[in-house]
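Undergrad: sequence-free structure coming up:
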């Protein structure tokens, strides 16, 4: 039985500060230090390196809230 779900992401999210300071020898994926988890209203993407919000998605209808400097 194969229950592997493929990666179907078509547009990635990154911390804007990480993209600005990323060494050219590393891809954004290699440099990323993101945590993704559930909040009371939805899901949050958090940059561990800069301790900032990248995006917060509110499932209660308010919509996604991209951070001003996060993406």
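TA: On my side now, so go ahead. This one's a predicted model, so the numbers in the text were calculated from it and none came from an experiment. Numbering: from 1, shown residues only.

Undergrad: where's residue 7, which helix or strand?
TA: When secondary structure is defined by DSSP states H and E, residue 7 falls outside every helix and strand.

Undergrad: Sorry, slip of the keys, the one I care about is residue 44.
TA: Residue 44 is part of strand 42-47 when elements are defined by DSSP H and E.

Undergrad: what's in contact with that strand?
TA: 13, 15, 17-18, 33-38, 52-60, 70 (C-beta atoms under 8 Å, 6 or more residues apart in numbering). Where you see a C-beta, it was placed from the backbone N, CA and C, and this is true even at glycine.

Undergrad: list the buried ones in the longest helix belonging to the chain?
TA: When secondary structure is assigned using DSSP state H, the longest helix within the chain turns out to be helix 16-21. In terms of neighbour count (16 or more other C-beta atoms under 10 Å), helix 16-21 has its buried residues at 16, 17, 18.

Undergrad: buried sites along the following helix or strand past it?
TA: Once the chain leaves helix 16-21, the next helix or strand it forms, by DSSP H and E, is helix 28-31. Under the neighbour-count criterion of 16+ other C-beta under 10 Å, helix 28-31 has residue 31 buried.
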